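Colleague: Kindly return the folded structure for what I paste below:
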Amino acid sequence: MAEIIQYFATGRRKNSIARVRLLSGTGKIVVNSRTFENYFSRETYRLIIMQPLEHVKLQSNLDIYANVEGGGNGGQAGAVQLGIARAIVKMDEGLRQTLKKAGFLTRDPRMRERKKYGRKRARRKFQYSKR
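Modeller: As a prediction, the model looks like this:
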């Protein structure tokens with residue numbers, strides 16, 4: 001029986017965490033047990049996720065299964081992108097240079113700033129009323 005080789009990686013962005021599993025296959029992408037097109041309704045999010053695969057020309061050779069939690073759609077798309085890039089590097093260490101140069105292996109450190117007391121949001125102050 002042929003052994004199935006799979007590669008696991010974690011991607012994070014804002015408050016989102018994505019656990020990504022890479023298998024050799026036909027190019028199927030499943031996110032949270034739903035199809036990739038069904039889960040990410042915006043085309044821009046789908047393009048973000050496909051970028052590392054298109055960069056190394058592996059979009060039709062791999063099946064991707066991702067579990068994502070936390071944050072919004074944009075953060076989740078960024079988390080899946082980072083997870084895919086890290087899994088590709090685990091699969092083939094030779095692709096690390098090209099993915100690193102393209103910026104797919106850098107974790108975006110920007111996080112949501114916490115709300116401060118006496119303010120409406122993190123920086124927004126309450127509306128000033130002269131009278």
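Colleague: Name the surrounding residues that touch stretch 30-50.
Modeller: 29, 59, 63-68, 73-74, 76-78, 80-81, 84 (CB atoms under 8 Å, 6 or more residues apart in numbering). Every residue, glycine included, has its C-beta placed from N, CA and C.
Colleague: Closest one of those residues to residue 108?
Modeller: Nearest to residue 108 out of these is residue 78 (CB to CB; 6.3 Å).
Colleague: Return the residues in contact with that closest one.
Modeller: 11, 13, 14, 16, 48, 108.
Colleague: Could you work out the most separated pair of those residues?
Modeller: That would be 14 and 48, which, of those, are the farthest apart (CB to CB) at 13.2 Å.
Colleague: about what we covered before: going by distance to residue 129, which of the contacts of residue 78 wins?
Modeller: residue 14 (34.4 Å).
Colleague: pretty sure that closest one contacts residue 107?
Modeller: No - using CB atoms under 8 Å, residue 14 is not in contact with residue 107; the gap is 10.7 Å.
Colleague: circling back: the contacts of residue 78 into JSON lines, with extra columns for secondary structure, neighbour count and distance to residue 92?
Modeller: Shown next, in JSON lines, are the contacts of residue 78 (DSSP: H, G, I helix; E, B strand; the rest coil; neighbours: other CB atoms under 10 Å; distance: CB to CB, whole Å):
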{"residue": "11", "secondary structure": "strand", "neighbour count": "25", "distance to residue 92": "18"}
{"residue": "13", "secondary structure": "strand", "neighbour count": "26", "distance to residue 92": "23"}
{"residue": "14", "secondary structure": "coil", "neighbour count": "18", "distance to residue 92": "28"}
{"residue": "16", "secondary structure": "strand", "neighbour count": "21", "distance to residue 92": "26"}
{"residue": "48", "secondary structure": "helix", "neighbour count": "18", "distance to residue 92": "22"}
{"residue": "108", "secondary structure": "coil", "neighbour count": "14", "distance to residue 92": "24"}
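Colleague: Show me which helix runs longest in the chain.
Modeller: Using DSSP state H to define each element, the chain has its longest helix at helix 73-91.
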